[in-house]
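Participant: coordinates for the following, if possible.
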Amino acid sequence: MSYFHVFAALALVCLLMLGGCSEARSASAIQFDNSYYYGPDGKFLPDKARDAYIALMKHHGYPVYPNIRKDIWVSDYGTGQFSKLGLGAMMWANNEQDRYMLQDVYLMPGQMLPEHWHLDGENGNPAKREGWLVRHGLSHIVGEGKDNLPKEVVIPKCHCNGTATVRHDVVAAPGTFVPLNRVGAHHWQFAGPQGAIITEVANVHTSPAVRHQDPAINKNFLGK
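Facilitator: Have a look, this model is predicted:
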């Protein structure tokens, strides 16, 4: 074997090793223990959640737009288990007068968006009609239909004691668009091991018209 071939083989090994290390570093960049999101008093720290979502964006090559960090809405729904149940969302447009909405939804690896549904809203706005386009990662988009929920989707105990009323799973990879099957249907999502970044399109969103299956989450979200 010539020196050239030896050099080429060594170079390939180095590239593979570096690539593997790079991949390992990249994966670890979006893994956060639940304690990361809470202070010594157990209080939820929204800025820590925003930092995690920024890491998720960078991990997937999603553009980190100016001011996006401060504008991301985040919540653990009062559960104290943000790593298992929570949400980040960037509302790009929500025009109640002309009735159109566009937002991006962010989920950390293995994070659940709780089961909920939509009612008719204020000012004559009809119940939310929506659909989801997965941009990065993978999301289990769950709604009405035959129970086909795979074993890797583990509903956390902090959500209705580990249960949900709808369990029909559509495994959505990048480029997959999943519409709500009917107005008022219950639905929820669960992110894959690389998290998920999802574009949601709808007629309009009004928070007072959202209802959650879990009474404790519903009370926290609505504030009553």
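Participant: what about the protein, any weak spots by pLDDT?
Facilitator: Applying pLDDT under 70 to the chain flags residues 1-27, 224.
Participant: now the lengthiest strand in it, how far from the centre of its chain.
Facilitator: Using DSSP state E to define each element, the chain has its longest strand at strand 187-202. Relative to its chain's centre, strand 187-202 lies at 4 Å (Cα atoms, centre = their mean, to the nearest Å).
Participant: alpha carbons of it, as CSV, please.
Facilitator: C-alpha atoms of strand 187-202 as CSV (Å, rounded to 0.1, in the frame of the first residue of the first chain):
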residue,chain,number,x,y,z
HIS,A,187,-55.3,16.6,20.0
TRP,A,188,-51.8,16.6,21.5
GLN,A,189,-48.2,16.1,20.4
PHE,A,190,-45.1,14.3,21.5
ALA,A,191,-41.6,15.1,20.2
GLY,A,192,-39.1,12.5,19.0
PRO,A,193,-35.5,12.1,20.3
GLN,A,194,-34.3,15.1,18.3
GLY,A,195,-37.2,17.3,19.4
ALA,A,196,-39.4,19.0,16.9
ILE,A,197,-39.9,22.3,15.2
ILE,A,198,-43.4,22.7,13.7
THR,A,199,-45.1,25.4,11.7
GLU,A,200,-48.8,25.7,12.6
VAL,A,201,-51.3,27.4,10.3
ALA,A,202,-54.8,28.2,11.4
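Participant: who's the residue nearest to the spatial centre of the chain bridged to?
Facilitator: In the chain, the residue lying closest to the centroid (Cα atoms, centre = their mean) is L107, at 2.2 Å. Beta-bridge partners for L107, by DSSP bridges, are A196.
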